[in-house]
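Enquirer: got a predicted structure plus its sequence, pasted below:
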Amino acid sequence: MLNQVIAILNPQFGQKFIDCTLGGGGYSKAILERIGQDGQVLAIDIDGLAITNAKLNFKTEIKNKKLILAHENFKNLRIIAEKYFEEDIKFNGIVLDLGLSSAQLEDKHRGFSFNIPVAPLGMNFGEQIGETAENIINSRNAEDLAKIFKDYGEEKFAYKIALAIVNERQLNRIVTAGKLVEIIMNVAPKRFQSKIHPATKIFQALRIAVNQELENLQAVLPQAISLLKIGGKLIIISYHSLEDRIVKQYFKQESKDCLCPPIMPICRCGHKANLKILTHKILRPVEQEILKNPRSRSARLRAVYKII
């Protein structure tokens, strides 16, 4: 959704922006082209591959300090910004694209895609820290697995699939994407195998659990707002309802003057709106983009700007 993002941000000469999810560098590149020599972009990514590729593709911009790369987790956004800028620095715009990059999906060593059967079940965005998807499915009991699949994947057959995983691992440890897909396919009723791949929601749920995606999103939202100038814009592109719900609720909350229950006769919370919503309805990719990149079809864009 590059065109929509740039249209909303409307970068100008000398302005400063944060690209919280560098990925392939598309947003950073488009912003850099519009902000002139005095503008800057702080580009963050937890994935070392994204940082390495950016160092090759943006040599001039890095040398001129127009582009600052941070190999970090955006959940620590304020700390990252203060590390590379003055403490009182404010930005004209911040963008977070919460989708997987093509490089991540196609990496046979990551296990993000159920279309690469031999891939190990890692599913980490960055370097291996904490649990892998393999650890989770081979150690959690059926109830815990079902909760992950239901809460993070909204999977209708969560418990059946969890039980099948537990039964299979008693015979052999589950270590590849292909084996996990086989188990899911054997459980999911045939009539539900025509619309989306039966493994889609399970892989999504495991990826979210491994990378603590929802917790990180909740952590970054208030930090992003605090780093914006008055009139600065925050754009978030999500790809499933769980992320979008968090973004929608936060934007709605921060665009209200009072958060007291309706039964309260007068406001006692003292909350003041600090955001104005720019997208009262989510924006979707245009048809041409979906044709070019089918994975973008689930993208949902929401945007706000800071008013105080």
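Expert: Now that the structure is in, tell me what you want to look at. Residues are numbered from 1 along each chain as shown.
Enquirer: tell me the pLDDT of Leu69.
Expert: With respect to pLDDT, Leu69 scores 97.
Enquirer: can you pull the domain assignment for the protein?
Expert: 2-97+214-306, 110-211 (automatic domain parsing).
Enquirer: give the residue spans of the stretch 151-300 of the chain that score low on pLDDT.
Expert: Scanning the stretch 151-300 of the chain for pLDDT under 70 picks out 191-195.
Enquirer: could you redo the last one with a cut-off of 50?
Expert: Residues of the stretch 151-300 of the chain that meet the criterion pLDDT under 50 are absent altogether.
Enquirer: which stretches in it count as strands?
Expert: 228-238, 275-277, 300-306 (DSSP state E, counting those that start in this stretch).
Enquirer: how about those strands in a markdown table, adding mean neighbour count and distance to Lys252?
Expert: For every residue, glycine as well, the C-beta is placed using N, CA and C. Below are those laid out as a markdown table (neighbours: other Cβ atoms under 10 Å; distance: least, Cβ to Cβ, whole Å):
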| stretch | mean neighbour count | distance to Lys252 |
| --- | --- | --- |
| strand 228-238 | 21 | 13 |
| strand 275-277 | 18 | 8 |
| strand 300-306 | 22 | 10 |
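Enquirer: I'd like these as a markdown table, with distance to Asn216 appended.
Expert: Below are the strands of the stretch 151-300 of the chain laid out as a markdown table (distance: least, Cβ to Cβ, whole Å):
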| stretch | distance to Asn216 |
| --- | --- |
| strand 228-238 | 12 |
| strand 275-277 | 20 |
| strand 300-306 | 17 |
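Enquirer: mind pulling up the pLDDT for the residue most central in space within the chain?
Expert: Nearest residue to the geometric centre of the chain (Cα atoms, centre = their mean): Leu98, 2.1 Å. The score at Leu98 is 93. That number is its pLDDT.
Enquirer: same question for Leu105.
Expert: At Leu105, pLDDT is 66.
Enquirer: so where do the helices sit in the stretch 101-250 of the chain?
Expert: 102-106, 133-139, 142-153, 158-169, 177-187, 200-211, 213-226, 241-254 (DSSP state H, counting those that start in this stretch).
Enquirer: looking at the ones you listed, which is buried most?
Expert: Stretch with highest mean neighbour count among the helices of the stretch 101-250 of the chain: helix 200-211 (a mean of 23; mean count of other Cβ atoms under 10 Å).
Enquirer: sweet, I'm off.
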